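> Here is my input; please provide its structure:
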Amino acid sequence: MRHDLVAPNVAAVEQPPKGDDKEIAVLDAKQVKLLVERLRGRAMYPRAVTALFTGIRRGELLALRWSYVDLDAKQITVGEAIEETQAGIRFKTPKTKNSVRDVSLPDIVVDALREHRRQQLELRVALGLGKLTDDALLFSKLDGSPQSPRAFSKEWADVAASIGMPEITLHALRHTHASHLIDAGLDVVKISRRLGHASPAITLRVYAHLFRKQDDKSSAAINDAVASVLD
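Numbering: from 1, shown residues only. Sure, this is the predicted structure:
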């Protein structure tokens, strides 16, 4: 079309249909507690709590290396992501320039990763694989190679079903993290940076309905304050 070698595409002037805005699935506090309790002791536990309490993407989670982790400082650096294509699995830079970021870790994740590292070291010794290198992946296959993102999603679906929570998708963990940050009243700019969004505008668009709920709480608080003054 650019060189006038083919006829114009008549579909190019038509507007694509709008997709249905589906409600984002999130877990409330009771569901989060239940999920953690049911996963504790399983191989999925460190991966799940890291995803849930950091909000990082699936590809970012599977690309984490021990050199990116500082458990004493309670922080991880998101610097890579895994992408699965027809040619296979490859490492790439994260989705946007803002996706390269430092993410603070709550104690539950620090404890889970310490125990995960200990078990990983013991397994390597038992298999005669030697010490754990700094560039080793946190969540790899037994031979140290990266796990397929699609295989990880399938594994999560099986685990979620086995603990009686089949409706909880892997992506719901990221949405839940964002939801709890919004509910806590955290600034949208800080939320956007933690999630690795290109801009706060994307955060507002994706989680618009959650911000509206937060605004409703603000209105209710103002009404209560006004009522107390008038009484």
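
> give me the number of residues near R174?
22 (other C-beta atoms under 10 Å). C-beta: built from backbone N, CA, C; applies to glycine.

> Let me know the helix or strand that it is in.
Take DSSP states H and E as the rule and R174 turns out to sit in helix 170-183.

> which outside residues touch that helix?
Contacts to helix 170-183, defined as C-beta atoms under 8 Å, 6 or more residues apart in numbering, come from residues 24-27, 29, 32, 48, 51-58, 152-153, 156-157, 190-191, 194-195, 203, 206-207, 210-211, 213-214.

> Ok, stretch 67-80 next?
By C-beta under 8 Å, 6+ apart, stretch 67-80 touches 54, 56, 60, 63-65, 91-94, 99-107, 110, 113-114, 117, 134-135, 138, 196.

> State the next helix or strand along the chain beyond the helix holding R174.
Next in sequence after helix 170-183, counting helices and strands by DSSP H and E, comes helix 188-195.

> what's the average pLDDT for that following helix?
Averaging pLDDT along helix 188-195 gives 92.

> tell me the pLDDT at K74?
97.

> cool, and A184?
87.

> What count of nearby residues applies to it?
A184, neighbours per other C-beta under 10 Å, totals 9.

> The strand or helix carrying A126 - contacts with which helices or strands?
Using DSSP H and E, A126 maps to helix 107-127. Judged by 3 or more C-beta pairs under 8 Å, 6 or more residues apart in numbering; DSSP states H and E, helix 107-127 is in contact with helix 45-54.

> Now the helix it packs on - C-alpha only, CSV.
Output of helix 45-54 as CSV, limited to C-alpha atoms (Å, rounded to 0.1, in the frame of the first residue of the first chain):
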residue,chain,number,x,y,z
TYR,A,45,4.5,-21.4,47.3
PRO,A,46,7.6,-19.3,46.8
ARG,A,47,6.6,-18.4,43.2
ALA,A,48,3.0,-17.6,44.2
VAL,A,49,3.8,-15.4,47.2
THR,A,50,6.5,-13.6,45.2
ALA,A,51,4.0,-12.9,42.4
LEU,A,52,1.2,-12.0,44.8
PHE,A,53,3.1,-9.6,47.1
THR,A,54,5.3,-7.9,44.4
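
> Now do the next helix or strand after that helix: everything it contacts.
Later in the chain than helix 45-54, the nearest helix or strand by DSSP H and E is helix 58-62. With contact meaning C-beta under 8 Å, 6+ apart, helix 58-62 is reached by 47, 50-51, 78, 80-83, 94, 99, 137, 139, 146-147, 149, 152-153, 170-171, 196.

> buried subset of those?
Buried members of those, scored by 16 or more other C-beta atoms under 10 Å, are 47, 50-51, 78, 80-82, 94, 99, 137, 139, 146-147, 149, 152, 170, 196.

> Pull out the buried positions in the helix holding A126.
Applying 16+ other C-beta under 10 Å to helix 107-127 flags 109-110, 112-113, 116-117, 120, 124 as buried.

> quick check: angle from it to helix 45-54?
150 degrees (axes from the mean of the first three to the mean of the last three C-alpha atoms, to 10 degrees).

> Now do the helix or strand following helix 107-127: everything it contacts.
For helix 107-127, the following helix or strand on the C-terminal side (DSSP H and E) is helix 149-162. With contact meaning C-beta under 8 Å, 6+ apart, helix 149-162 is reached by 39, 42, 44, 47-48, 58-59, 62, 82-84, 89, 166-170.

> again, only this time at 10 Å
Around helix 149-162, the neighbours that count as contacts under C-beta atoms under 10 Å, 6 or more residues apart in numbering are 35, 38-39, 42-45, 47-48, 51, 57-59, 61-63, 81-84, 89, 139, 141, 146-148, 165-173.
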